[in-house]
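> Make a model of this:
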Amino acid sequence: DFFAKNAVLFIVGFSFSMITVEKALAKAVREELLIVPLVTACSVVLFVGTLGATDFTDFCEGFFIELLIGIAERLVVQSLVEWTRKGVKTATSWVRTRSWFWRG
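Sure, this is the predicted structure:
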């Protein structure tokens, strides 16, 4: 009953946590053909949560929220994560190459 009352929160939470899971799998496995089944299994778990709706309106609400989050994730969030990662890498490189300045 706890999941039924908070289904939308679980779907949103699982959707955003999948971003970090996908990145961790990509870094650990380093082979796209090995990542695809693992990511698909995680997506199936997320969709089973949508299928666990109590009635049709809850299912439609969960499905369309999951669909909109998926679209936004692919278009916006994924780009922001990559941009942030590149920015941190560039800043770290900049600080390391100017270590003579920090030694005083």
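> State which helix of the protein is the longest.
In the chain, taking DSSP state H as the definition, the longest helix is helix 7-29.
> next structured bit after that one?
Per DSSP states H and E, the first helix or strand lying C-terminal to helix 7-29 is helix 32-51.
> Show me what that next one is packed up against.
Here helix 32-51 touches helix 7-29, helix 56-72, going by 3 or more CB pairs under 8 Å, 6 or more residues apart in numbering; DSSP states H and E. Placement of C-beta: from N, CA and C, glycine included.
> OK, contacts around the residue positioned nearest the centre of the chain?
For the chain, the residue nearest the mean C-alpha position is I19 (1.5 Å; CA atoms, centre = their mean). Contact partners of I19, counting by CB atoms under 8 Å, 6 or more residues apart in numbering, are E73, V77, Q78, V81.
> who's in contact with the third one?
Right, Q78. Per CB under 8 Å, 6+ apart, neighbours of Q78: I19.
> In CSV, please show the C-alpha coordinates belonging to the helix or strand encompassing it.
Assigned by DSSP H and E, Q78 falls within helix 78-97. In CSV, the C-alpha atoms belonging to helix 78-97 read as follows (Å, rounded to 0.1, in the frame of the first residue of the first chain):
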residue,chain,number,x,y,z
GLN,A,78,22.3,13.5,-19.9
SER,A,79,23.8,16.6,-21.5
LEU,A,80,24.1,18.4,-18.2
VAL,A,81,25.9,15.4,-16.6
GLU,A,82,28.4,15.2,-19.5
TRP,A,83,28.9,19.0,-19.4
THR,A,84,29.6,18.9,-15.7
ARG,A,85,32.0,16.0,-16.0
LYS,A,86,33.9,17.8,-18.7
GLY,A,87,34.0,21.0,-16.6
VAL,A,88,35.3,19.2,-13.6
LYS,A,89,37.9,17.4,-15.7
THR,A,90,39.0,20.7,-17.3
ALA,A,91,39.2,22.5,-13.9
THR,A,92,41.2,19.6,-12.4
SER,A,93,43.6,19.7,-15.3
TRP,A,94,43.9,23.5,-15.1
VAL,A,95,44.8,23.3,-11.3
ARG,A,96,47.3,20.5,-11.9
THR,A,97,49.1,22.2,-14.7
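> Sounds good, over and out.
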